[in-house]
Structures are given as C-alpha cells and as structure tokens.
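# Build me a model from this:
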Amino acid sequence: MASVTKLCEYCSLIDFSYLRNPTAAEIDSLNAGERPTEDRFPLKFGQPIDGDPSWTLGRADRIRASADTCVFCKAVKEVLVQYEDVLTKLEEVGLKNPLCYATCDIAGALQPRKGTAWDGVQFGEANSEFIMRRLAIYFIPFDQNSTNGSKPGRVGFKEASWKRIFHCFQTYDAIRSRDSTSLESFFGKTNNPADILFAGRKRPLRVDMSLPIQWVKHCNTNHASSCGPPQAGDGNGDRNEHGNECRGGDVGSSLSCIFRLGVARLWGSLFAKLPVDQDNPLPANIPGYMPLFRLIDVETMAVVERREVQLKSLNYMTLSYVWGKTPQKKMLFKANRKNLLKKDSLRGHLSQTIEDACKFTKDMGTRFIWVDALCIVQDSDEDKAVQIGKMADIYANALLTIIAASGKDSHAGLPGISTDRNRMQKEITVRTSTSVEEISLLSTLSHTSSRFSNFTSETTWSSRGWTLQERAVSRRSITFLDEQITWACCESHWSEETNSEESAVVSWFNLSGSESYLNSAYRDRYASEMEGDQMWHKLHRLARDYSNRELTGEGDAYNAFSAIIQQAQEISGEQFLWGLPTSRFELGLSWEPNLEGVRRRSALTTLPTTSLKKKVPFPSWSWIGWKGPIGLTIEDRHVEAGLDPVISCYILRREPLRLVQVRLLFLDNPKIPPVARGSSAVSLDMVKDHYPDLTTEVLDKTPEDQILFFWADSARFRVTDPIKSDLWQPGWNPLERNQHAYYVQHIIDSDGRVVGETGRCKESFAAGASKSGEYEFIVIAENTAPPEFEKKRVALQVGRGPDGIAYRINIAEISQVGVRAGGIHHISSTMTSSDHSPKPVPAGAWDTHHHIFEPARFPFASGRHFTPSVATLDQLKEFEESIGVSHVCIAHGLSYGADCSSLLYYLEQFNGTARGICVLDLDIVKNELLDKYHEAGIRSVRLDFFKAQAMNDVDKQVNLIESTTNRLLQWHPTGNGWSIQIQQPNISYWAKLGPIIQQSKLPVVLDHIGLVKASSMAPIGSLPVREQPGWQDLLNTLKGGNLWMKISAPYRCSRADPHFEDLKDTVQELVRTNSKRLVWGSDWPHTQRHEDRHLRSKDEQEPFLKIDNPAWIRSLSTWLNGEEWQDLWVNNPSTLYDYPAKS
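Numbering: from 1, shown residues only. Model prediction:
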C-alpha cells in the first residue's frame, strides 16, 4: 500500500469516507439477504442522501502553492493543468484565480444483479439503490477582495459554479492487485472478502486485449437473451399491394390545409425494394437479410462479398467513426471494386482509424469488419439505397461495434492500439483528521462537465449525425476515448479505468445513465417503468440528440436516422412517416423547437426515393425537415399534460389513386362527429374542389406521401419581430450566457392585443426567423391540462405556395382560436374579451403556506390533534418547481407542537431565500429564541386556536391575538416585521374581530380565504356569502389594511374541484376590496378538511388530498388582471414577509 500522506489544513478536513466503495464481503451480505456488519458508506441504512457534500480547497493559487507539501493539492493541480484553456477563458470574463470546491458528487447507483433483492436504505424496502460517489472539482466565482469561502472546512451551500469537472478521482484498492489476464479475477470471483469493489483500475499505455476479450466472452455467456442477435421475422405483415400496413382509423372534424411533403415510407422497407440482385429469390425486406453484403477480411486485407445472406449467421464487427474533412486513403467505388476484392489490396493503404480497427478486430479473434467507406459503393445510389436501408440490421447483427470517439477524422487512429495513451493515473492514500479508516484514491482518465454527460459528449464523434444510429442500434460497443476504452451492451456498462465487473451493478451516470438507446435494459428515470413509455421516451431523447448534430450532406438527414426508426418499428410494431409514428402522428405534428430555434432544410434527399424514385424535399411538418434542437411530442405524458390533437391526416396512394388516412392516436375520439367518420372524410373530389391546381394528372405525378391532407380551423394574425427573453442572472457563468437566452415572436390580434406566441425562433429574419407581418395559423391541437378548462390552441404558422399548398414556418400557442379553414368556412377567431386570460406564474413568485412532515427526522408531538402522512423537503422543492415558485414561506406544522427545530432546519436549506411561520409557547419563550427565529427567516407566529379551544370562542381568539401581540412587542417595540397568522371558520365573528385587528400594532394574516364556504360546501339553506352576517365586516377589515388574507387551500371552502369556480365571486370581491393585502398559498401537501378529520383517530395517519394545483392556478389566473396577479404572487408576499430583510 502507498504510505498515508500528510494533507494541508484544507484537504485534511475533507471527509473522504463519502467516496468509500463496498467490499466483497458487504455485497455478499446483501446478496444473502443480510445487512453488512458495519454501517459505512455507501451502504449506510436509514440515512437520507446527503446531497453533494463539499469542502473548500481555497483559491486556485493556494492549491498550486500547496502542491509541494500536500499530495491531494498536487493531484488537484494536475487537474487544473488539464483545464488550463478553460481557466483562461474564465479569466477573460472576470473569473481570475477562482475558488475551488472538492465535492463528493453522486456519480452512480449501486444495485443488485437481476434475480437478487436487497434490503433498502430504509427497513422494509427491497431492491433499493445505494449512492456511489466520485470526487468532482467546482470552480466558484470569487470577489478578489473577499474572504468568503477562503477558510478551510465544509461548505454548507454551493454557490452557482462557473465550471464543474466531474469524476476527477475515484476509490482505489491499493492492496488488491487485479491481474486482468486472469478471468478468475473478474465478475465477482474474488477470494478476499476485504477486496474493494468498483474501485479504480490502472490501465496500461496500450490496450491489454485480454480485457475486451473477457468483456465479450462474459456478455456472450450471460447476456445471450438480451444481447444476442435479433431474431429475423418472415417479413409478412398485414399489408396492401403497396407494402403498407393496413389499418383503420378515424378522421378529423374540419377540412384540411395541405402540406408539401417529401417521402413517407419507412426507409428500411422502401430501400428494400431496390435490391442489387434483381433475381434474388427472397424478399429484400426480411429483417437481417442482405441480397449483397461486403466485409473487410482482416486476414487477407481485402474486401469480400457475400450474396443472399442472413446477417446473424456471420461473425463480424462494425466501425463507427468520423470521416472528417481530410480525404480517406482508400474508398470503394465502381471503378476499383474488383481490385479491392484481391488479397492485400488494403494492406498499408487505409486511413489510420480503419487500420487500427482492423488490427483490433483481428486481435479480438474476429476475421471480418464492416466499414462504410469500403463496404458501400460510394458512387452508386442503388448500392447506397440497399446498404443504408439495412443499416439497422448491419449494426444490430454485428458481434461488436468499435466506436472511434477520439480524434476529428479517419486519420486519428485508435489510442492504445498503434500508439500509447499519454495520461498517467495518480494514486493517493489519505486519512483525514476525523477518520480512522484509510482510503486510496486514483485519478480518473475521463471527465465530464455534467453529471449525466457521457464521456463522449464533447467529442467530434458525438457531434456528427451518422454516428448516433451506429451506436444506438448496436448490441455491444467498445468506445475508444483519448485515454481509455469503455464497454456498453444491452445489460452492462464498464470502463477500462474502473473494476465494474462485479457481483452487483453500478449504473454510472456518465455511462449507462447518459445513454438512452431503444435496445438497452437501462430504465430511463424520466419515464414510467412501462415498456411502451420507456420506448417512446428514449425515442424522444434520441431525436433530440440527433437534431443537435451536424451532417456534412443535409440530404442525408433521414438516412442518418433511418436505422433508429427501423429499430423503433420492429420494437413497437408500428410504421413511421418521416420520423413520426403513425399511431401518434397527429400528436407528433406538435413537435417544437428548443432554446435556439430551428432552420428549414433546403436540400433534397441524397437518394431517389418513393415509388417514383425521385429525390424529394424534406417535409416542412416533420422535425427531420429542420436543422436545430427539437422536442418530440409523441409520449403519453404529452397527452396526460393536456395536448389533444384535433385533426386527422391523409396521405396519397396510387394504383388506384386515392387518399389513405394516417392512423390516429385515439381510434375512438368522441369529439369527432359521426358524420366525419369513414374513409370519405377527405376525398379526392374534395381536394379537387378546393385545390384546382391539384388535378388528377398532377397528383398522378406526385410521389406517394408527398402531400398531407386534413381539415382544420384557421385564422390570421400579425406576428412581431423576434423578442428576446434572457434567463441569465448576474453571478452565472458569462461563457454560458447564450444558453439562457431565447427568442419568440408575439402574436397580435386585430385589436392590438397579444394573444399568443410562436415557438422558439432565431434572433432575426436573416438567421432564420419569420419576418414580422400577417400570417395564417392552422389549428392542429388543443392544449389544456385535464380536467378541461379554458383551452389554448396549438397552431402551425404557415405560408402557402403558388398552388395553395401550405408549409410550416413555426408552431404557436394561441388563446381561443376557433375557425374553419381551407376556403370552405370563413376565417374568423374567438378571442378572450379582456386581459383576464390564463397567465403563467410570474417570476419571483411566493408560496406563502405549506408544510413539511418528516417524522423520521423530526418526531411529531405527543399532544397533536392529527397525524399527517409523510411530505419531505425534496418533495416540496419538486412541487414548487413544478408550478414555478421561487420563494417559500414554511408554515410550522401544528403536529409538531411548539418545537420549531424542524422549521429552523428547513429554512437553513433555502439559504436565506425562504421565510417561516412559527408556533410559540408564550409561557416559556425568551427574547434570545425570538432573535434566533428572526435571524433564521421567521416572520410570523401561527396561533393554534384548536389547542387553545378557541375555534368556536371569539373571546378566546381575541385574547390569544392580543397576548401574542403584546409578547412580540415586548421583544421588539415595532414587532420587527412580524405578523400574526390565524385560521378561524366563523364568519360571524368578524363583527368583533374586525375592530380588534384594525387597532392591532401588528398585521394579522387570515388563512385559506377566511374559510368562507362557497355554494358547493355551504350547508343546505344557508345564505349566499354576500348576505351572511359578518361578510361585510370581514371586507371592511381587509379594506382597512391591517388584515391580510391568503388565497390558499380552496378545497377548504369549496368541493367544486379542480377549478373551484364557485369561489370566483368571493375571490374577485376580495380583490376589489384590497388587492394589496392578498397573497397566494398552496397549503401543500393538502391535509384533510377539518370537517372530515373526525373519521380517524388522532394517531392514525391520514392521507393527503389529491389536488390539481395547475388547474386551480390557471382558473384563478383568469379571475385577476395582470397587476393583481403580480401583486398576489410577488409584490404582496415580499412586503408581508420582509423580503429582502429590512430589519
């Protein structure tokens, strides 16, 4: 073992035990259904995830100076050297000599192998994950004259970092000497229980071939069912005479605009119609069948050809690499084809990457490799059509895909094959002053700038369009990075620098967690566990990734994604039309541009296509017809979020000439009238009536699927020039400022009102945005979160060609557009008559009333009157983020009594941006405690009328208000910005409460719309709210200005959820009375109504109510104008709760 080294005062305070990995004995215990004898990282039980614990290392200059005496500072200095160019760029924008943090970052999830169950982090849980960590370096903005953060120790809150370097150091087993040539040392076969698993591994300068050979051998033996070659089908589906799947479906309710299209068919089956060998006795569209297939024989170094083969019967590898701008040494053309079939014709004549790939293939014991430059005739469209159409089959049936992710072109080579890797790994053994256990670290070879970024994410290989599908459809791959190789298959991800071939599984985020391929067993955490949801979500991620990549030839835009579409078809059993699944076609038409907008592709397809064998333009309605990052809308979550298509599309077919409906997402749509159902909903006669230029002769010469037909509503609006929205804030990394800015164009009606906005666009017309002016908008969907309330329309902003055919310009969301389009119906629009339309939650919004219940961390009081379920801090943060809240005001749960230790803890987690409402025991509270509460952010006292038995006793309520006020004034003569919060259900009490509150020296806040019952909750026979005794007294008190009211918990006043429409009159009268004294609160996590609480004992855990908060918020937003909305969410709560602090 390396000797334990002395650390500097900064590094000696780092708790390196967070980086500890499990031992073989600990994993054996878990696999046996037991718990390890010692409770240590990463297998601590019953412990919450401790975020990303960080310690300051001081400024960069301090680290460099300390490197001579502190071995860890020396190791960090070497990391800084690797990123000298980044530090230079940061210095150019003002960050010189940054503050550095060492962060024990969450890097992966430790899981049991399939068929094994573990006890979870909490008792009673099974198959739980444990957190694995690696050490990252954060660069923090630092004022040159400041001393903040310069003192040694743990950092409680990480400021916005300008740069992060993940995976800098990993745990290393300095005792365990693992011999990579011995299979016995792999895959959990260890004789020493003390061996540290998943630890770092020192890699040689050249690739030790025994390692990748063992990877393949283990996968072949253990993953045959998931990583074996795909099973070939018979190619016979339920098809019509054109090879199209025969499916029925519904039609839309309005007449169509028509879009200029390109091709439509799934290219795999389309290209299969063009086999090189026309006498081939087998149909070319059988999966895995190749009429003609070429490979490189690495023994003879020549091209070989095989005819009429099933790919799964061959043993070959494939190469995925970057061609680059420098011409390749050797490529296959018609003229040299016969010559390249000769022995040794390739020897010494290949680009270095291909040369190294051939050597690697041979050393792996495989004789053949497929490389596109030498296995596709580069000047033959016919050969390209066949080979590209079978791309998914070629890569899916390969034993292994070699990914050359190092270098910028085909001459870069594979590091570690013909050239040495350069970087040396640094070993450190440390023991901090607070730890008895020693831990060894090993510097890593590959870093990422984001936790979920793949090691390849910043390579040229990842920027190229073709390479995505080459990796996506491969069953296995070995990736060559600058300094190491990595393995990926459908079940496992391993790396050369880490011993991950163990008796458990670690899902490293930079490996498995950053890849989302259709054939992977990895479950994407952002989709449900259902197979269908996983498939559609992964396809969405692949499309988003692909749309961000570059193509040398824009005409290849479909070809370079066709293998993924072919794979998606085989998995889902669906057809696709230009990258959109036919069952979700209309839903998918609502795809939207991401942050930077998109630009139209102007090129024709590289290859002739469709039944007319023509090169065609890319369709404007398909995301493939555009350049730039996009988001697909094909998942169930889009429907659940309220996206509802209102059109039904048709495509052209011939022999005989006819229109065929594209399959609908929902086959039984009650919104479509029965009269519109059936195959005649859009007919050729209708098309000819409304588009005279589209005669039978024209259509007969139009390639199938070149035009899309559907009925739709239409309206015209004026569009502004692009308007910039900049989300960047001072203190954020200036180098990333462009990542936080985007442009949209406002949509203006004839009265000059903004009624919507387009999707993200470019910054100017020159860059690709539309010119300002009047445009047509064609409605394709409604967008409303269920249950239904006032809708917005999703519409395509379009232009029209001379023949009247429309083409997409952008997508838009417009309020209340409803028109008939296509020239049959007059173009009209229904717009909101005032500014009381749905509004988003404004920036800087507050949630002024919610609770956190974590009894495992903070036990409830024994004298509580009810027992809530668990509602955690993380769940609260997730909820507030989902509705757009920036600041929270935490109301201390009455189930905790007057012990506010939990409230203090939770406020600390928000780093001064939150406020709190406490509960006081007036008999014992001291000024020192009130000082502490104030410093923590508490600004209000919650009165527990229930405990004081004052809910139905107005005199007791008055006494409690007055005594609490007096106690606070004893502490501070002005109350120090504090208020008193009450909740009382008797409206008649306001005749007496009103004057008391008006005269009070402290403001009083009334919860939950005063618990004034709306019609759906009012007792039978009760008077309307406005006629009830006490209502006018309540309004007068509110108008006086010393009473504030929370527009919160509508379900305590109404049962008309989710929109609570019967509260509209009440809320609007409160707004008219004094809009400056109203604040919004969620009352999350929505405890039971008081009147329903008698159904349980006080010790029985009661479930929370399920409230549709987005629906309630949108409904509420239509009751207020813009200024009132801003006051409710931002201005009023900031005033009430003294934010930012004035005292």
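# For Glu570, see how far away Met530 is.
For Met530, the distance to Glu570 (C-beta to C-beta, to the nearest Å) stands at 19 Å. Heads up, the C-betas are built off the backbone N, CA and C, glycines and all.
# which one of these two has more residues nearby?
Between Met530 and Glu570, counted using other C-beta atoms under 10 Å, the more crowded position is Glu570 (20 against 10).
# just checking, that one is part of a helix?
Yes - counting by DSSP: H, G, I helix; E, B strand; the rest coil, Glu570 is part of a helix.
# Report how many residues lie close to the spatially closest residue to Glu596 that is not a sequence neighbour.
Leaving aside its chain neighbours, Glu596 sits nearest to Gly628 (6.2 Å; criterion: C-beta to C-beta, 6 or more residues apart in numbering). Close neighbours of Gly628, defined as other C-beta under 10 Å, add up to 18.
# Look up how far Arg601 lies from Gly628.
From Gly628 to Arg601 the distance is 10 Å (C-beta to C-beta).
# and the top strand by length along the chain, how far from the chain's centre?
In the chain, with assignment by DSSP state E, the single longest strand is strand 99-111. In terms of C-alpha atoms, centre = their mean, to the nearest Å, the centre of strand 99-111 is set 20 Å apart from its chain centre.
# repeat for stretch 653-663
Per C-alpha atoms, centre = their mean, the centroid offset for stretch 653-663 relative to its chain is 38 Å.
# Please apply the same query to stretch 569-582.
23 Å.
# Tell me the buried residues in that stretch?
Going by neighbour count (16 or more other C-beta atoms under 10 Å), the buried part of stretch 569-582 is Gln569, Glu570, Ser572, Glu574, Gln575, Phe576, Leu577, Trp578, Gly579, Leu580, Pro581, Thr582.
# what do you get for stretch 980-987?
Of the residues in stretch 980-987, those buried (16+ other C-beta under 10 Å) are Ile980, Gln981, Ile982, Gln983, Gln984, Pro985, Ile987.
# CA atoms of stretch 224-233 as CSV?
Only the C-alpha atoms of stretch 224-233 are listed here, as CSV (Å, rounded to 0.1, in the frame of the first residue of the first chain):
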residue,chain,number,x,y,z
ALA,A,224,-27.5,-14.1,-24.6
SER,A,225,-31.2,-13.3,-24.4
SER,A,226,-30.8,-9.6,-24.4
CYS,A,227,-27.5,-9.1,-26.3
GLY,A,228,-27.8,-11.9,-28.8
PRO,A,229,-28.5,-11.3,-32.5
PRO,A,230,-32.1,-10.1,-33.3
GLN,A,231,-34.5,-12.8,-34.5
ALA,A,232,-35.4,-12.5,-38.1
GLY,A,233,-39.1,-12.3,-39.0
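# sorry, back to before: and the buried residues of stretch 569-582, which two are the farthest apart?
Glu570 and Trp578 (18.0 Å; C-beta to C-beta).
# Between the buried residues of stretch 569-582, which sits nearest Tyr172?
Using C-beta to C-beta, Glu570 comes nearest to Tyr172 of the buried residues of stretch 569-582, at 43.1 Å.
# strands paired with the helix or strand harbouring Ile651, and their directions?
Taking DSSP states H and E as the criterion, Ile651 maps to strand 650-653. Strand pairing for strand 650-653, using DSSP bridges, gives strand 658-661 (antiparallel), strand 707-709 (antiparallel).
# now that strand: how far from the chain's centre is it?
For strand 650-653 - counting by C-alpha atoms, centre = their mean - the centre lies 35 Å from the chain centre.
# do the same with stretch 895-905
For stretch 895-905, the distance to the chain centre is 35 Å (C-alpha atoms, centre = their mean).
# What mean pLDDT does that stretch get?
On average, the pLDDT along stretch 895-905 is 93.
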